[in-house]
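**Q** From the sequence below, what's the structure:
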Amino acid sequence: KCVCTFVVATLFALVSSHCVAKPNVLIILADDCTYNDLPMYGGQNAKTPNLQRLAGEGLTFNRAYLSEAMCQPCRAELYSGLYPMRNGCAWNHSASHRDIKSMPQHLGAAGYRVGLAGKVHVSPKQAFPFESINGFDRNCVRDPTWEHQIDPAEEFMTRSEEPFCLVVALVEPHVPWVMGDATAYPPKSLELPPNIADTPETRRAFGRYLAEITYMDSQVGDLLETLDATGKKNSTMVLFSSEQGSQFPGNKWTNYNTGVHTAMIARLPGVTPVGKRTDALVQYADVLPTLLDLSDAEYDPEDFDGRSFAAVLHGDTDDHRQFSYGVHNNVPEGPPYPIRSISDGRYHYVRNLQNDNLYIEKHLMGIKGDGKLNNRYWQTWVFESFANPKALRLIQRYQLRPSEELFDMESDPYEMNNLAGDPSVAAVRDKLSSELDRWLRSQSDPGIEQDTYETHQAAKKGTHRFRPPPRGVSSDSPSVHPVGAGPVGNAAITD
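**A** Numbers count the residues shown, from 1 in each chain. Okay, here's the model as predicted:
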(Lines give C-alpha, C1' and ligand atoms only; values in the text may rest on other atoms or scores of the structure.)
Protein backbone atom coordinates (compact mmCIF):
# COMPACT_ATOMS: atom_id res chain seq x y z
CA LYS A 1 0.00 0.00 0.00
CA CYS A 2 2.83 2.41 0.91
CA VAL A 3 4.63 1.60 -2.35
CA CYS A 4 1.48 2.28 -4.39
CA THR A 5 0.94 5.57 -2.59
CA PHE A 6 4.50 6.61 -3.33
CA VAL A 7 4.14 5.71 -7.03
CA VAL A 8 0.86 7.60 -7.35
CA ALA A 9 2.33 10.64 -5.60
CA THR A 10 5.38 10.55 -7.88
CA LEU A 11 3.24 10.30 -11.01
CA PHE A 12 1.05 13.14 -9.79
CA ALA A 13 4.10 15.32 -9.23
CA LEU A 14 5.41 14.52 -12.71
CA VAL A 15 2.05 15.22 -14.32
CA SER A 16 1.67 18.46 -12.35
CA SER A 17 5.14 19.57 -13.39
CA HIS A 18 4.37 18.76 -17.00
CA CYS A 19 1.06 20.63 -16.87
CA VAL A 20 2.72 23.86 -15.78
CA ALA A 21 5.43 23.81 -18.45
CA LYS A 22 4.01 27.18 -19.56
CA PRO A 23 2.33 28.38 -16.35
CA ASN A 24 0.17 31.43 -15.99
CA VAL A 25 1.73 34.19 -13.90
CA LEU A 26 0.04 36.41 -11.31
CA ILE A 27 2.36 39.04 -9.82
CA ILE A 28 0.96 40.98 -6.87
CA LEU A 29 2.85 44.06 -5.72
CA ALA A 30 2.32 46.04 -2.54
CA ASP A 31 3.42 49.69 -2.54
CA ASP A 32 5.92 51.01 0.03
CA CYS A 33 5.73 48.10 2.48
CA THR A 34 8.79 47.39 4.64
CA TYR A 35 9.51 43.69 4.37
CA ASN A 36 10.04 43.01 8.07
CA ASP A 37 6.81 44.71 9.07
CA LEU A 38 5.14 41.54 7.68
CA PRO A 39 4.65 38.62 10.11
CA MET A 40 6.48 36.10 7.92
CA TYR A 41 9.58 38.29 8.24
CA GLY A 42 9.32 38.90 11.97
CA GLY A 43 6.85 41.81 12.03
CA GLN A 44 5.15 42.01 15.41
CA ASN A 45 2.10 44.10 14.57
CA ALA A 46 0.53 43.65 11.12
CA LYS A 47 -2.28 41.16 10.60
CA THR A 48 -1.92 39.50 7.17
CA PRO A 49 -3.81 36.18 7.12
CA ASN A 50 -3.87 35.90 3.33
CA LEU A 51 -0.15 36.47 2.87
CA GLN A 52 0.60 34.05 5.68
CA ARG A 53 -1.57 31.44 3.99
CA LEU A 54 0.23 32.05 0.70
CA ALA A 55 3.58 31.62 2.46
CA GLY A 56 2.31 28.37 3.94
CA GLU A 57 1.58 27.10 0.44
CA GLY A 58 4.71 28.36 -1.28
CA LEU A 59 8.35 29.42 -0.98
CA THR A 60 9.38 32.48 1.03
CA PHE A 61 12.61 34.26 0.07
CA ASN A 62 14.66 35.48 3.02
CA ARG A 63 17.06 37.47 0.83
CA ALA A 64 15.25 39.22 -2.00
CA TYR A 65 16.38 42.70 -3.02
CA LEU A 66 15.73 45.49 -5.48
CA SER A 67 18.25 47.97 -6.86
CA GLU A 68 16.60 51.23 -5.93
CA ALA A 69 14.11 51.86 -3.11
CA MET A 70 11.72 54.04 -5.07
CA CYS A 71 8.54 53.15 -6.93
CA GLN A 72 9.49 53.79 -10.56
CA PRO A 73 13.10 52.52 -10.64
CA CYS A 74 12.30 49.25 -8.86
CA ARG A 75 9.34 48.52 -11.15
CA ALA A 76 11.41 49.29 -14.24
CA GLU A 77 14.00 46.80 -12.98
CA LEU A 78 11.36 44.16 -12.23
CA TYR A 79 9.61 44.47 -15.59
CA SER A 80 12.76 44.68 -17.73
CA GLY A 81 15.28 42.40 -16.00
CA LEU A 82 17.78 45.28 -16.27
CA TYR A 83 19.52 47.35 -13.61
CA PRO A 84 18.67 51.09 -13.42
CA MET A 85 21.62 52.28 -15.50
CA ARG A 86 20.88 49.81 -18.27
CA ASN A 87 17.10 50.21 -18.41
CA GLY A 88 17.48 53.98 -18.04
CA CYS A 89 15.29 54.62 -15.00
CA ALA A 90 17.71 55.55 -12.22
CA TRP A 91 15.50 58.17 -10.50
CA ASN A 92 11.89 58.50 -9.45
CA HIS A 93 9.59 60.35 -11.84
CA SER A 94 11.86 59.85 -14.85
CA ALA A 95 11.86 57.44 -17.81
CA SER A 96 13.53 54.34 -19.14
CA HIS A 97 15.08 54.09 -22.60
CA ARG A 98 12.51 53.82 -25.38
CA ASP A 99 14.28 50.92 -27.04
CA ILE A 100 14.43 48.45 -24.17
CA LYS A 101 12.13 45.43 -23.96
CA SER A 102 10.15 44.33 -20.92
CA MET A 103 7.65 41.69 -19.85
CA PRO A 104 5.08 42.36 -22.59
CA GLN A 105 7.63 41.88 -25.39
CA HIS A 106 9.57 38.98 -23.86
CA LEU A 107 6.61 37.00 -22.53
CA GLY A 108 4.47 38.03 -25.49
CA ALA A 109 6.99 36.35 -27.81
CA ALA A 110 6.52 33.20 -25.70
CA GLY A 111 2.77 33.21 -26.33
CA TYR A 112 1.57 35.08 -23.24
CA ARG A 113 -1.07 37.76 -22.86
CA VAL A 114 0.53 40.35 -20.56
CA GLY A 115 -1.56 42.84 -18.59
CA LEU A 116 -1.16 45.30 -15.76
CA ALA A 117 -3.84 46.41 -13.30
CA GLY A 118 -3.42 49.18 -10.76
CA LYS A 119 -0.41 51.48 -10.45
CA VAL A 120 1.68 51.79 -13.62
CA HIS A 121 4.53 54.22 -12.81
CA VAL A 122 6.85 53.12 -15.61
CA SER A 123 7.59 55.04 -18.77
CA PRO A 124 7.64 55.28 -21.77
CA LYS A 125 4.78 53.19 -23.10
CA GLN A 126 6.94 51.91 -25.98
CA ALA A 127 9.19 50.15 -23.48
CA PHE A 128 6.36 48.84 -21.28
CA PRO A 129 3.39 48.07 -23.58
CA PHE A 130 1.26 46.22 -21.00
CA GLU A 131 -2.40 45.68 -21.77
CA SER A 132 -4.21 47.97 -19.35
CA ILE A 133 -6.57 46.09 -17.05
CA ASN A 134 -9.17 48.01 -15.03
CA GLY A 135 -10.46 47.30 -11.57
CA PHE A 136 -7.66 48.59 -9.32
CA ASP A 137 -6.83 52.23 -8.57
CA ARG A 138 -3.86 53.55 -10.55
CA ASN A 139 -3.41 56.60 -8.32
CA CYS A 140 -1.27 55.81 -5.28
CA VAL A 141 -2.06 59.09 -3.50
CA ARG A 142 -5.85 59.20 -3.91
CA ASP A 143 -7.74 59.85 -0.67
CA PRO A 144 -9.44 57.47 -0.29
CA THR A 145 -8.30 54.74 -2.67
CA TRP A 146 -11.07 53.61 -5.01
CA GLU A 147 -12.62 50.32 -3.97
CA HIS A 148 -11.31 47.62 -6.27
CA GLN A 149 -13.43 45.64 -8.71
CA ILE A 150 -12.24 42.09 -9.30
CA ASP A 151 -14.21 41.36 -12.49
CA PRO A 152 -11.68 42.83 -15.00
CA ALA A 153 -8.87 40.73 -13.52
CA GLU A 154 -11.05 37.61 -13.65
CA GLU A 155 -11.99 38.36 -17.26
CA PHE A 156 -8.32 38.66 -18.19
CA MET A 157 -7.50 35.36 -16.49
CA THR A 158 -10.32 33.49 -18.25
CA ARG A 159 -10.45 35.25 -21.61
CA SER A 160 -8.75 32.42 -23.51
CA GLU A 161 -6.69 29.29 -23.06
CA GLU A 162 -3.51 31.20 -23.91
CA PRO A 163 -1.26 31.60 -20.86
CA PHE A 164 -1.49 34.94 -19.10
CA CYS A 165 0.83 37.12 -17.09
CA LEU A 166 -1.10 39.60 -14.98
CA VAL A 167 0.62 42.17 -12.76
CA VAL A 168 -1.66 43.65 -10.10
CA ALA A 169 0.14 46.64 -8.64
CA LEU A 170 -1.73 47.67 -5.50
CA VAL A 171 -1.38 51.19 -4.05
CA GLU A 172 -1.27 50.29 -0.35
CA PRO A 173 0.42 50.98 2.01
CA HIS A 174 1.65 54.06 0.09
CA VAL A 175 0.74 57.38 1.75
CA PRO A 176 -1.77 58.77 2.51
CA TRP A 177 -2.47 56.13 5.16
CA VAL A 178 -6.28 56.29 5.04
CA MET A 179 -7.47 52.78 4.14
CA GLY A 180 -8.32 49.95 6.50
CA ASP A 181 -9.32 50.03 10.15
CA ALA A 182 -6.74 51.92 12.18
CA THR A 183 -8.67 51.20 15.38
CA ALA A 184 -7.38 47.62 15.10
CA TYR A 185 -3.93 49.05 15.89
CA PRO A 186 -4.16 51.09 19.11
CA PRO A 187 -1.06 53.31 19.17
CA LYS A 188 -0.02 52.44 22.72
CA SER A 189 -0.05 48.70 21.98
CA LEU A 190 2.34 48.83 19.02
CA GLU A 191 5.89 47.50 18.97
CA LEU A 192 7.87 50.12 17.06
CA PRO A 193 10.95 49.03 15.06
CA PRO A 194 14.27 50.29 16.44
CA ASN A 195 14.86 52.60 13.48
CA ILE A 196 11.73 54.66 14.27
CA ALA A 197 11.60 57.22 17.09
CA ASP A 198 8.91 56.75 19.72
CA THR A 199 6.59 59.76 19.80
CA PRO A 200 2.77 59.78 20.11
CA GLU A 201 2.35 61.11 16.56
CA THR A 202 4.72 58.43 15.21
CA ARG A 203 2.66 55.75 16.93
CA ARG A 204 -0.57 57.08 15.42
CA ALA A 205 1.02 57.20 11.96
CA PHE A 206 2.44 53.69 12.34
CA GLY A 207 -1.00 52.39 13.28
CA ARG A 208 -2.52 53.92 10.15
CA TYR A 209 0.28 52.39 8.06
CA LEU A 210 -0.38 48.95 9.58
CA ALA A 211 -4.09 49.28 8.82
CA GLU A 212 -3.18 49.82 5.17
CA ILE A 213 -1.04 46.66 5.22
CA THR A 214 -4.07 44.68 6.43
CA TYR A 215 -6.22 46.34 3.76
CA MET A 216 -3.63 45.37 1.13
CA ASP A 217 -3.68 41.81 2.49
CA SER A 218 -7.46 41.65 1.96
CA GLN A 219 -6.93 42.58 -1.69
CA VAL A 220 -4.36 39.80 -1.99
CA GLY A 221 -7.00 37.45 -0.57
CA ASP A 222 -9.60 38.57 -3.13
CA LEU A 223 -7.14 37.99 -5.98
CA LEU A 224 -6.17 34.52 -4.74
CA GLU A 225 -9.84 33.60 -4.23
CA THR A 226 -10.62 34.76 -7.77
CA LEU A 227 -7.75 32.73 -9.17
CA ASP A 228 -9.07 29.66 -7.33
CA ALA A 229 -12.54 30.24 -8.75
CA THR A 230 -11.20 30.26 -12.32
CA GLY A 231 -9.84 26.75 -11.83
CA LYS A 232 -6.35 27.94 -12.74
CA LYS A 233 -4.69 27.88 -9.31
CA ASN A 234 -2.66 24.75 -10.07
CA SER A 235 -1.36 26.13 -13.36
CA THR A 236 -0.49 29.63 -12.11
CA MET A 237 2.70 30.97 -10.63
CA VAL A 238 1.79 33.52 -7.95
CA LEU A 239 4.56 35.93 -7.00
CA PHE A 240 4.00 38.45 -4.22
CA SER A 241 6.45 41.24 -3.43
CA SER A 242 6.21 44.05 -0.88
CA GLU A 243 8.20 46.42 -3.14
CA GLN A 244 10.55 48.80 -1.27
CA GLY A 245 10.30 49.99 2.32
CA SER A 246 7.72 52.30 3.84
CA GLN A 247 7.76 56.07 4.02
CA PHE A 248 9.44 56.14 7.42
CA PRO A 249 12.99 57.51 7.79
CA GLY A 250 15.64 54.98 6.81
CA ASN A 251 13.37 52.83 4.65
CA LYS A 252 12.13 54.13 1.28
CA TRP A 253 14.52 56.52 -0.49
CA THR A 254 17.55 54.87 1.14
CA ASN A 255 19.88 51.95 0.49
CA TYR A 256 19.45 50.58 3.97
CA ASN A 257 18.21 47.03 4.42
CA THR A 258 14.71 48.21 5.29
CA GLY A 259 14.66 50.11 1.99
CA VAL A 260 16.04 47.72 -0.64
CA HIS A 261 15.13 44.39 1.00
CA THR A 262 11.75 43.16 -0.29
CA ALA A 263 9.41 40.43 0.82
CA MET A 264 8.96 37.77 -1.85
CA ILE A 265 6.71 34.71 -1.84
CA ALA A 266 6.34 32.33 -4.79
CA ARG A 267 3.74 29.60 -5.23
CA LEU A 268 3.44 27.24 -8.17
CA PRO A 269 1.67 24.02 -7.15
CA GLY A 270 3.66 20.93 -8.05
CA VAL A 271 6.85 22.97 -8.51
CA THR A 272 7.66 25.23 -5.56
CA PRO A 273 8.33 23.68 -2.15
CA VAL A 274 5.36 23.96 0.22
CA GLY A 275 5.71 26.13 3.30
CA LYS A 276 9.48 26.42 2.97
CA ARG A 277 11.98 29.28 3.09
CA THR A 278 15.15 29.84 1.10
CA ASP A 279 18.30 31.85 1.73
CA ALA A 280 18.98 32.16 -2.01
CA LEU A 281 20.03 35.73 -2.79
CA VAL A 282 17.81 37.11 -5.56
CA GLN A 283 17.10 40.51 -7.06
CA TYR A 284 14.23 42.06 -9.02
CA ALA A 285 16.30 41.88 -12.22
CA ASP A 286 16.23 38.07 -11.90
CA VAL A 287 12.44 37.73 -12.06
CA LEU A 288 11.82 38.12 -15.81
CA PRO A 289 14.46 35.58 -16.93
CA THR A 290 13.05 33.23 -14.28
CA LEU A 291 9.56 33.51 -15.77
CA LEU A 292 10.97 32.84 -19.24
CA ASP A 293 12.73 29.74 -17.92
CA LEU A 294 9.54 28.46 -16.30
CA SER A 295 7.72 28.89 -19.61
CA ASP A 296 10.43 26.99 -21.54
CA ALA A 297 10.88 30.07 -23.72
CA GLU A 298 14.01 30.54 -25.77
CA TYR A 299 15.88 33.70 -24.85
CA ASP A 300 19.37 35.13 -24.81
CA PRO A 301 20.66 35.48 -21.23
CA GLU A 302 22.75 38.44 -22.44
CA ASP A 303 19.51 40.38 -22.85
CA PHE A 304 19.27 40.69 -19.07
CA ASP A 305 21.30 41.85 -16.12
CA GLY A 306 19.50 39.32 -13.96
CA ARG A 307 19.57 35.57 -14.26
CA SER A 308 16.97 32.88 -13.69
CA PHE A 309 16.41 31.41 -10.23
CA ALA A 310 14.10 28.69 -11.57
CA ALA A 311 16.28 26.05 -9.88
CA VAL A 312 15.52 27.70 -6.53
CA LEU A 313 11.79 27.57 -7.27
CA HIS A 314 12.07 23.88 -8.09
CA GLY A 315 13.74 23.32 -4.73
CA ASP A 316 16.96 22.11 -6.33
CA THR A 317 19.22 24.67 -4.64
CA ASP A 318 19.34 27.45 -2.06
CA ASP A 319 22.14 29.26 -3.89
CA HIS A 320 21.72 31.84 -6.62
CA ARG A 321 23.66 35.08 -7.01
CA GLN A 322 26.70 36.03 -4.95
CA PHE A 323 25.86 39.74 -4.65
CA SER A 324 22.93 42.11 -4.89
CA TYR A 325 23.53 45.73 -5.92
CA GLY A 326 21.88 49.01 -4.99
CA VAL A 327 21.81 52.61 -6.17
CA HIS A 328 20.10 55.77 -5.03
CA ASN A 329 19.83 59.09 -6.82
CA ASN A 330 18.01 61.61 -4.65
CA VAL A 331 16.91 64.12 -7.30
CA PRO A 332 13.97 64.96 -7.63
CA GLU A 333 12.98 63.76 -4.15
CA GLY A 334 15.50 66.19 -2.65
CA PRO A 335 18.90 67.73 -3.35
CA PRO A 336 21.66 65.44 -4.65
CA TYR A 337 22.71 62.59 -2.36
CA PRO A 338 23.95 59.68 -4.52
CA ILE A 339 24.41 56.31 -2.79
CA ARG A 340 25.73 52.99 -4.09
CA SER A 341 25.66 49.69 -2.20
CA ILE A 342 26.25 45.95 -2.36
CA SER A 343 25.32 42.93 -0.24
CA ASP A 344 26.45 39.32 -0.12
CA GLY A 345 23.29 38.38 1.77
CA ARG A 346 24.83 38.83 5.20
CA TYR A 347 27.01 41.91 5.05
CA HIS A 348 25.80 45.15 3.48
CA TYR A 349 28.28 47.78 2.30
CA VAL A 350 26.93 51.29 1.62
CA ARG A 351 28.89 54.12 0.01
CA ASN A 352 27.54 57.68 0.38
CA LEU A 353 29.18 59.56 -2.48
CA GLN A 354 28.41 63.07 -1.24
CA ASN A 355 28.13 62.59 2.49
CA ASP A 356 29.29 66.16 3.08
CA ASN A 357 25.78 67.15 1.95
CA LEU A 358 22.85 67.11 4.35
CA TYR A 359 20.43 64.33 3.40
CA ILE A 360 16.97 65.79 2.70
CA GLU A 361 13.84 64.00 1.48
CA LYS A 362 11.14 66.51 0.64
CA HIS A 363 8.04 64.32 1.13
CA LEU A 364 9.11 63.01 4.50
CA MET A 365 10.67 66.16 5.92
CA GLY A 366 8.83 68.94 4.10
CA ILE A 367 5.24 70.01 3.59
CA LYS A 368 3.21 71.08 0.58
CA GLY A 369 -0.36 72.29 0.39
CA ASP A 370 -2.57 70.76 3.08
CA GLY A 371 0.21 68.33 4.03
CA LYS A 372 -1.91 65.18 3.61
CA LEU A 373 0.91 63.46 1.73
CA ASN A 374 3.56 64.56 4.20
CA ASN A 375 4.48 62.96 7.49
CA ARG A 376 4.04 65.23 10.48
CA TYR A 377 5.64 62.73 12.85
CA TRP A 378 9.08 63.91 11.61
CA GLN A 379 8.45 67.32 13.13
CA THR A 380 7.75 65.64 16.48
CA TRP A 381 11.14 63.91 16.29
CA VAL A 382 12.79 67.29 15.80
CA PHE A 383 10.68 68.98 18.47
CA GLU A 384 11.53 66.33 21.08
CA SER A 385 15.18 65.85 20.06
CA PHE A 386 16.54 67.99 22.96
CA ALA A 387 15.02 65.59 25.52
CA ASN A 388 14.75 62.39 23.49
CA PRO A 389 18.27 61.03 22.84
CA LYS A 390 17.03 58.21 20.61
CA ALA A 391 15.11 60.61 18.38
CA LEU A 392 18.22 62.76 18.04
CA ARG A 393 20.36 59.75 17.14
CA LEU A 394 17.87 58.66 14.48
CA ILE A 395 17.74 62.18 13.00
CA GLN A 396 21.53 62.21 12.86
CA ARG A 397 21.60 58.70 11.35
CA TYR A 398 19.21 59.83 8.63
CA GLN A 399 20.74 63.17 7.74
CA LEU A 400 24.44 62.91 8.66
CA ARG A 401 25.99 59.81 7.14
CA PRO A 402 29.61 58.68 6.91
CA SER A 403 31.24 58.05 3.54
CA GLU A 404 31.18 54.28 4.14
CA GLU A 405 28.87 52.03 6.11
CA LEU A 406 29.03 48.29 6.71
CA PHE A 407 26.40 46.24 8.49
CA ASP A 408 25.98 42.64 9.57
CA MET A 409 22.35 42.06 8.65
CA GLU A 410 22.15 38.73 10.47
CA SER A 411 22.70 40.33 13.87
CA ASP A 412 21.61 43.86 12.95
CA PRO A 413 18.76 43.80 10.37
CA TYR A 414 17.86 47.44 11.08
CA GLU A 415 21.49 48.45 10.51
CA MET A 416 22.02 50.55 13.62
CA ASN A 417 25.68 49.59 14.16
CA ASN A 418 28.15 50.73 11.50
CA LEU A 419 31.10 48.31 11.27
CA ALA A 420 32.99 50.12 8.50
CA GLY A 421 35.84 51.03 10.85
CA ASP A 422 36.00 47.66 12.62
CA PRO A 423 39.32 45.93 11.85
CA SER A 424 37.77 42.48 12.40
CA VAL A 425 35.62 42.87 9.26
CA ALA A 426 38.06 44.95 7.18
CA ALA A 427 38.52 42.08 4.71
CA VAL A 428 34.76 41.87 4.20
CA ARG A 429 34.55 45.63 3.65
CA ASP A 430 37.40 45.60 1.14
CA LYS A 431 35.95 42.66 -0.77
CA LEU A 432 32.52 44.26 -1.08
CA SER A 433 34.02 47.65 -1.95
CA SER A 434 36.11 46.11 -4.73
CA GLU A 435 33.15 44.21 -6.17
CA LEU A 436 30.99 47.34 -6.03
CA ASP A 437 33.66 49.21 -8.02
CA ARG A 438 33.68 46.44 -10.62
CA TRP A 439 29.90 46.51 -10.93
CA LEU A 440 29.76 50.29 -11.23
CA ARG A 441 32.30 50.16 -14.07
CA SER A 442 30.25 47.47 -15.82
CA GLN A 443 27.20 49.73 -15.60
CA SER A 444 29.11 52.85 -16.73
CA ASP A 445 27.73 54.57 -13.65
CA PRO A 446 29.14 58.13 -13.46
CA GLY A 447 28.29 58.38 -9.76
CA ILE A 448 27.87 61.96 -8.55
CA GLU A 449 27.09 63.31 -12.03
CA GLN A 450 24.14 60.94 -12.30
CA ASP A 451 22.35 62.55 -9.34
CA THR A 452 21.86 66.04 -10.75
CA TYR A 453 18.87 68.06 -11.88
CA GLU A 454 20.28 68.24 -15.43
CA THR A 455 20.75 64.48 -15.72
CA HIS A 456 17.29 63.75 -14.34
CA GLN A 457 15.63 66.23 -16.70
CA ALA A 458 17.48 64.77 -19.68
CA ALA A 459 16.17 61.31 -18.79
CA LYS A 460 12.60 62.59 -18.50
CA LYS A 461 12.94 63.95 -22.05
CA GLY A 462 14.35 60.67 -23.36
CA THR A 463 17.84 62.08 -23.90
CA HIS A 464 19.73 60.22 -21.20
CA ARG A 465 23.22 61.58 -20.61
CA PHE A 466 24.77 58.26 -19.63
CA ARG A 467 24.16 54.73 -20.86
CA PRO A 468 26.24 51.56 -20.47
CA PRO A 469 27.30 49.52 -23.50
CA PRO A 470 25.41 46.36 -24.41
CA ARG A 471 26.18 43.40 -22.21
CA GLY A 472 29.29 41.58 -23.39
CA VAL A 473 30.95 44.80 -24.59
CA SER A 474 33.64 46.19 -22.30
CA SER A 475 32.83 49.59 -20.80
CA ASP A 476 36.52 50.45 -21.25
CA SER A 477 36.36 50.03 -25.02
CA PRO A 478 36.78 53.31 -26.96
CA SER A 479 34.12 52.13 -29.40
CA VAL A 480 31.41 52.48 -26.76
CA HIS A 481 32.14 56.08 -25.76
CA PRO A 482 30.59 58.26 -28.48
CA VAL A 483 30.83 61.99 -27.82
CA GLY A 484 27.71 63.97 -26.98
CA ALA A 485 24.21 63.03 -25.89
CA GLY A 486 21.50 62.27 -28.36
CA PRO A 487 18.11 60.60 -28.51
CA VAL A 488 17.60 57.32 -26.70
CA GLY A 489 19.27 54.60 -28.68
CA ASN A 490 22.16 56.92 -29.51
CA ALA A 491 22.79 58.32 -26.04
CA ALA A 492 26.27 59.05 -24.87
CA ILE A 493 27.89 56.09 -23.14
CA THR A 494 30.30 57.32 -20.53
CA ASP A 495 32.39 56.00 -17.65
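**Q** What's the local residue count around Met409?
**A** 18 (other Cβ atoms under 10 Å). Yep, even glycine has a C-beta here, placed from its N, CA and C like the rest.
**Q** State the pLDDT value of it.
**A** What the model reports as pLDDT for Met409 is 98.
**Q** Then Pro104?
**A** Reported pLDDT for Pro104: 98.
**Q** and it, that's in a helix?
**A** Yes: remark: Pro104 belongs to a helix, assigned using DSSP: H, G, I helix; E, B strand; the rest coil.
**Q** For the closest residue to it other than its chain neighbours, which residues count as its bridge partners?
**A** Take Pro104 and drop its neighbours on the chain: the residue closest to it by Cβ to Cβ, 6 or more residues apart in numbering is Val114, 4.3 Å away. Beta-bridge partners of Val114, counted by DSSP bridges, are Cys165.
**Q** Check the spacing between Val114 and Cys165 real quick.
**A** For Val114, the distance to Cys165 equals 5 Å [Cβ to Cβ, to the nearest Å].
**Q** And for Cys140?
**A** 22 Å.
**Q** More neighbours: which of these two?
**A** Cys165 (28 against 20).
**Q** Tell me which residues touch that one, please.
**A** By Cβ atoms under 8 Å, 6 or more residues apart in numbering, the contact list for Cys165 reads Asn24, Val25, Ile27, Met103, Leu107, Tyr112, Arg113, Val114, Gly115, Leu291.
**Q** can you pick the most crowded of these?
**A** Going by other Cβ under 10 Å, Met103 tops those with 26 neighbours.
**Q** residue contacts, that residue?
**A** Taking Cβ under 8 Å, 6+ apart, one finds Tyr79, Ser80, Val114, Phe128, Phe130, Cys165, Val167, Leu288, Leu291 in contact with Met103.
**Q** Of those residues, which belong to strands?
**A** When DSSP state E is applied, the contacts of Met103 are split such that Val114, Cys165, Val167 fall in strands.
**Q** Quick one: the helices in the stretch 201-350 of the chain, in order.
**A** Along the stretch 201-350 of the chain, counting by DSSP state H, counting those that start in this stretch, helices occupy 257-260, 287-294, 310-313.
**Q** Make CSV from those helices and add mean pLDDT and distance to Asp31 to it.
**A** Below are the helices of the stretch 201-350 of the chain laid out as CSV (pLDDT from 0 to 100; distance: least, Cβ to Cβ, whole Å):
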stretch, mean pLDDT, distance to Asp31
helix 257-260, 98, 14
helix 287-294, 98, 17
helix 310-313, 98, 25
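**Q** Quick check: which of these is nearest to Gln219?
**A** helix 287-294 (20.7 Å; Cβ to Cβ).
**Q** And the contacts of that closest one?
**A** 20, 23, 25, 78-81, 102-103, 106-107, 110, 165, 237, 239, 268, 271, 299, 301, 304, 306-310, 313.
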